[in-house]
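Engineer: Return a 3D structure for these sequence lines:
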Amino acid sequence: MTRKQLSQAELEKVALGDGDSKRFNVTGPRELPEGAMAVGKGACGSVGGVLAGRTEPRAASQLTSAGVDLRMPATSRIGLLRLLVQAHTYTDARATLSKFRSDVAECSDYKDMAGRSNKVSLDAAPKRLGEEAVAYRIRSAADEVHRRAQDVVVGVVRSGSVVVIAYGESVDDQAKSVRDVRNSLNSLLRAQVDRLPHAP
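Structural biologist: Just a heads-up that it's a prediction; the model follows:
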């Protein structure tokens, strides 16, 4: 995998787009929800902030898109998938994964900017995907606006100097729905990582 920091133009060439995948219908760019940002605990900055496209260290450039898994049955209760592809220096890319790993371990719960309570749990990272990966889940509590709890499933993968992030919401309060989102995210991450340059 390349350790070179990709330019914006290079990032655009390798990012998944419309027609690049038989399994996923990917469109972009897409705006991300600012209200998802975590407030309070410092360790939760990356954990919740990634839903708004914020990571530490900040990416030199970033592309955001949305995807639909075409293999999911019509009865599936999976929402839209989000994909972020980030260009970093090689050092910053490694630091980004390291910070995610430590922050998820330290951030057990937080409130987002909308005041909603969220609990964070570490999931098993996907195997043989990129050079390192982190997977976790954010469970948002039911409140006056949201009648039921919701799970946002997150996967972060580093391949050389590029960090790829995917997340999706389980819109059904069922363990199977969460597993379906995770499996779909892992396939989306793999589809994106496979497009990244291999030159040093």
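Engineer: Pairing partners for the residue nearest the centre of the chain in the sheet, please.
Structural biologist: Centroid-nearest residue in the chain: residue 166, 2.8 Å away (criterion: Cα atoms, centre = their mean). Note on residue 166: beta-bridge partners residue 83, residue 155, judged by DSSP bridges.
Engineer: Against residue 7, how distant is it?
Structural biologist: Between residue 166 and residue 7 the distance is 22 Å, computed by Cβ to Cβ, to the nearest Å. All C-beta spots, glycine's among them, are computed from the backbone N, C-alpha and C.
Engineer: Residue 80 now?
Structural biologist: 28 Å.
Engineer: what's the answer for residue 99, then?
Structural biologist: From residue 99 over to residue 7 the distance is 24 Å, taken as Cβ to Cβ.
Engineer: the more surrounded of these two?
Structural biologist: residue 99 (18 against 12; other Cβ atoms under 10 Å).
Engineer: Secondary structure element holding that one?
Structural biologist: Here residue 99 sits within helix 90-106, counting by DSSP states H and E.
Engineer: Excluding chain neighbours, what is closest to residue 139?
Structural biologist: residue 119 (4.7 Å; Cβ to Cβ, 6 or more residues apart in numbering).
Engineer: residues near that neighbour, how many?
Structural biologist: Neighbour tally, residue 119, other Cβ under 10 Å: 15.
Engineer: helix, strand or coil for residue 145?
Structural biologist: coil (DSSP: H, G, I helix; E, B strand; the rest coil).
Engineer: picking that back up, what's near enough to touch the residue nearest to the centre of the chain?
Structural biologist: 81, 82, 83, 84, 154, 155, 185, 188, 189, 192 (Cβ atoms under 8 Å, 6 or more residues apart in numbering).
Engineer: thinking the second one is in contact with residue 168, fair?
Structural biologist: Same thing as residue 82. Yes: look at residue 82 against residue 168 with Cβ atoms under 8 Å: they come within range, at 6.9 Å.
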